[in-house]
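S.K.: predicted model and sequence below, questions to follow.
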Amino acid sequence: MSEEPGTVILDARSRAKYDELHIRGAINLSFPDITIDSLKAMVPDRNTRILIYCNNNFMNAPSAFPSKLPTASLNLYTFIALYTYGYRNVYELAPLVDIRNPV
């Protein structure tokens, strides 16, 4: 799905983590900054397919990307926020992305 036209890859981690390592083509909207206005600006069409990811989605990562339990991952909170704002076409990016080849 990440390679299909119109798909948005959303990184809701902090700007510092995004700058350190992110999936090629991903946009950064830090979780605390997810609002009605910021979503309208970055993803105006609520039907857009959005793929979300966080530190949990990286494998072969150094300690800067600690593993979290799936129930504590940022993806869960990001999904809930997007769903609450009316975005229904939201998926988690493939479970593991090798940091040596971030898509």
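M.R.: Looks like it arrived, so ask away. Numbering: from 1, shown residues only.

S.K.: tell me where this structure is predicted with low confidence.
M.R.: Within the chain, the segments meeting pLDDT under 70 span 56-73, 94-103.

S.K.: tell me if Leu10 really is in a strand.
M.R.: Yes: using DSSP: H, G, I helix; E, B strand; the rest coil, the assignment for Leu10 is a strand.

S.K.: start the count at 44, not 1, going forward
M.R.: Happy to do that; since the first residue is 44 now, the last one works out to Leu53.

S.K.: what about it, how many residues close to it?
M.R.: 25 (other CB atoms under 10 Å). Bear in mind the C-beta positions are built from the backbone N, C-alpha and C, glycine included.

S.K.: check whether it really touches Ile95, as I assumed.
M.R.: Yes: with contact defined as CB atoms under 8 Å, Leu53 and Ile95 form a contacting pair (5.1 Å).

S.K.: overlap in contacts, these two.
M.R.: Thr121 (CB atoms under 8 Å, 6 or more residues apart in numbering).

S.K.: show me where the chain has strands.
M.R.: 51-54, 70-71, 93-96, 101-102, 133-135, 140-141 (DSSP state E).

S.K.: quick one, what contacts Val86?
M.R.: Val86 makes contacts with 51, 53, 93, 130, as judged by CB under 8 Å, 6+ apart.
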